[in-house]
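[1] Just a sequence and a predicted model for now, questions to come.
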Amino acid sequence: MALNNLQNYRPNKNFFLLAGLTVMALLVEGYHPGVEDDAVYLSAIRHRLNPALYPHDAQWFTLQMQASIFDRLMAGWVRFTHMPVGVSELLGQILAAFFLLWGCWVLARRCFSSAAGQWAGVALVGVLFTLPVAGTALYIFDQYLHPRAIATALILGAIAAVLDRRVVLAAVILLASVVVHPLMGAYGLSYCAILSIAAWLRRRAPQPVRMPVAAMALIAGPAWIFQGPSPAWRLALSTRNYYFLGRWTWYEWLGAIAPIFILWLMARWARRAGRPEMSLLAGCAAIFAVFQLVVACAVLLTPALVRLTPMQPMRYLHLVYILMAILGGGLIGEKLLGARAWRWALLFVPLAFGMFRAQRSLFPGTEHLELPGMQSHNPWLQAFAWVRHNTPNDAYFALNPYYMQLPDEDYHSFRALAKRSELADAVKDAAVATQVPSLAPQWQRQTEAAAGWDHFQKADFLRLQQEFGVNWIVVQGPGVAGLDCPYRNRAVAVCKL
């Protein structure tokens, strides 16, 4: 059936199209639970379900999760369904992707009358799930279940409610996004506030209103000045290059500034073409981007506001990229693709292949889809599985503080996947220390104690045992002379102190 007839489909047909796009998007991006930020989220969920886990290091995720209900929601869902955590997380990933794309479709329908425009906008977001958002260390949609994905889906629903002038509904949805992911929810509040003001002014004015950026100062939140940061906190902060605008490359700045002009041009075209909702969405997105960029520069370039740096003000770009992809994809669909299947294939097949190859290069030592119950061929993950099944819950491990960056480890978290306590690492726990300053001295002490790990001998590991109480280690190679190593594979060994 021609694409331009798709708008006549019944709702169940649209559901199947969205479901198909969801599956294809996830197949392109892959699935990797327990990597990167999931070190915090998956560990927090497991601890909620079994408080006996992580007796030595629960603070590395419980303190950061105090502002979110995500781990409580997931733990409650696991208890209600009696499904394993891995299956629940995979189902959550699928549902989050579906509802995020559904939100994109709802907005695309407001801006484009043709099915080609509507579905091209949704498809472009889906195929670009793992597009890096300039200078923020974010993707549009992560390779594991992240509360940011849930919050983003809610924000898109709130934007649609604002367009419908259903203010109470929008406020409720935005509140839900804040309690799931406070930072993303705050950006959603900011954009919806701009959108509400612009829509109100447009209804009052006989001509389209060009909102001055200065008007947005009314929605700026207060600035909090915290007590002076500790040297340990500053050290942890220095490990995050994306916190510092001076460390950004030219192409990261291009990725931050170019969307402003692209969205402005979209808004201008839509205004002339008689598409008021598209003009409103694009114009407000441009204003939102300018306003947030000014706020971010004020925060990140003012030494007295350094304690606000972990609020990551440049991450507003996440929402900007999604709106730009919806509108840009819709225009491509209408103007270039139409109902010609070969044109759709010419655009989306190379895009999908390129995104797929990028993911394989990012996780070269791991299966593209790490599904629950599947035995991994990654030697690190095999060792983590052995630890999970053969060591007591109160075991306390030490690993190379940079183990997540080692070849073939692929940024998998020992804490999340082995379900055992570990000394602070220098990769992910550094980010946690920036968010929770009280943990920074502990992070510094533990990572410095493990410095020079590659040259450690038995006496060095026994020193860690005496200082911190660790009683197991995971090391590269065949093991450590003089220690009992009950598990070995081609890459790592697990040894008892």
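    Right, received. Where do you want to start? Residues are numbered from 1 along each chain as shown.

[2] Sketch out the low-pLDDT regions of the stretch 1-150 of the chain for me.
    Where the stretch 1-150 of the chain drops to pLDDT under 70, the residues are 1-11.

[3] What ranges does it have for its helices?
    All helices of the stretch 1-150 of the chain, identified by DSSP state H, counting those that start in this stretch, fall at 11-29, 38-49, 59-62, 70-81, 85-111, 115-127, 147-163.

[4] And for the stretch 201-350 of the chain?
    231-237, 250-272, 276-300, 317-332, 341-362.

[5] Relative to M184, which of the helices of the stretch 1-150 of the chain is closest?
    Closest to M184 of the helices of the stretch 1-150 of the chain is helix 147-163 (CB to CB; 4.2 Å). Every C-beta, even on glycine, is put in place using the N, C-alpha and C of the backbone.

[6] need the contact list for the nearest residue to N50 once chain neighbours are set aside.
    Spatial nearest neighbour of N50, excluding adjacent residues (CB to CB, 6 or more residues apart in numbering): N393 at 7.8 Å. Residues in contact with N393 (CB atoms under 8 Å, 6 or more residues apart in numbering) are 50, 52-53, 55, 419-420.

[7] Throw the helices of the stretch 1-150 of the chain into CSV and include distance to A198 and mean neighbour count, thanks.
    CSV is the format used below for the helices of the stretch 1-150 of the chain (distance: least, CB to CB, whole Å; neighbours: other CB atoms under 10 Å):
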stretch, distance to A198, mean neighbour count
helix 11-29, 29, 16
helix 38-49, 35, 24
helix 59-62, 39, 20
helix 70-81, 31, 17
helix 85-111, 15, 21
helix 115-127, 21, 27
helix 147-163, 10, 25
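
[8] want to throw those helices into CSV with distance to A296?
    What follows is the helices of the stretch 1-150 of the chain, written out as CSV (distance: least, CB to CB, whole Å):
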stretch, distance to A296
helix 11-29, 27
helix 38-49, 23
helix 59-62, 27
helix 70-81, 25
helix 85-111, 24
helix 115-127, 24
helix 147-163, 18
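
[9] Tell me which of the helices of the stretch 201-350 of the chain sits most buried.
    helix 317-332 (a mean of 24; mean count of other CB atoms under 10 Å).

[10] what is the rounded mean pLDDT of that one?
    In this model, helix 317-332 has a mean pLDDT of 96.

[11] what's that helix packed up against?
    helix 85-111, helix 115-127, strand 132-133, helix 147-163, helix 182-204, helix 250-272, helix 276-300 (3 or more CB pairs under 8 Å, 6 or more residues apart in numbering; DSSP states H and E).

[12] Report the backbone C-alpha coordinates of that helix in PDB.
    Provided in PDB are the C-alpha atoms of helix 317-332 (Å, rounded to 0.1, in the frame of the first residue of the first chain):
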ATOM      1  CA  LEU A 317      20.500  19.300  23.800                       C
ATOM      2  CA  HIS A 318      19.000  15.800  24.200                       C
ATOM      3  CA  LEU A 319      15.500  17.200  23.700                       C
ATOM      4  CA  VAL A 320      16.600  19.600  21.000                       C
ATOM      5  CA  TYR A 321      18.100  16.800  19.000                       C
ATOM      6  CA  ILE A 322      14.900  14.700  19.200                       C
ATOM      7  CA  LEU A 323      12.700  17.600  18.100                       C
ATOM      8  CA  MET A 324      15.100  18.500  15.300                       C
ATOM      9  CA  ALA A 325      15.000  14.800  14.100                       C
ATOM     10  CA  ILE A 326      11.200  14.600  14.200                       C
ATOM     11  CA  LEU A 327      10.800  17.800  12.200                       C
ATOM     12  CA  GLY A 328      13.800  17.300   9.900                       C
ATOM     13  CA  GLY A 329      12.800  13.700   9.200                       C
ATOM     14  CA  GLY A 330       9.200  14.800   8.400                       C
ATOM     15  CA  LEU A 331      10.300  17.400   5.900                       C
ATOM     16  CA  ILE A 332      12.600  14.800   4.200                       C
END
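
[13] could you check the angle helix 85-111 makes with that helix?
    Angle, helix 317-332 to helix 85-111, by axes from the mean of the first three to the mean of the last three CA atoms, to 10 degrees: 50 degrees.

[14] thinking again about what came up before, next, format the contacts of N393 as TSV and append distance to V436 and neighbour count.
    Converted to TSV, these look like this (distance: CB to CB, whole Å; neighbours: other CB atoms under 10 Å):
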residue	distance to V436	neighbour count
N50	23	13
A52	23	9
L53	20	17
P55	19	14
K419	22	22
R420	21	24
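
[15] what would the residues you listed look like in JSON lines with distance to T366?
    Formatted as JSON lines, the contacts of N393 follow (distance: CB to CB, whole Å):
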{"residue": "N50", "distance to T366": "26"}
{"residue": "A52", "distance to T366": "29"}
{"residue": "L53", "distance to T366": "24"}
{"residue": "P55", "distance to T366": "29"}
{"residue": "K419", "distance to T366": "19"}
{"residue": "R420", "distance to T366": "20"}
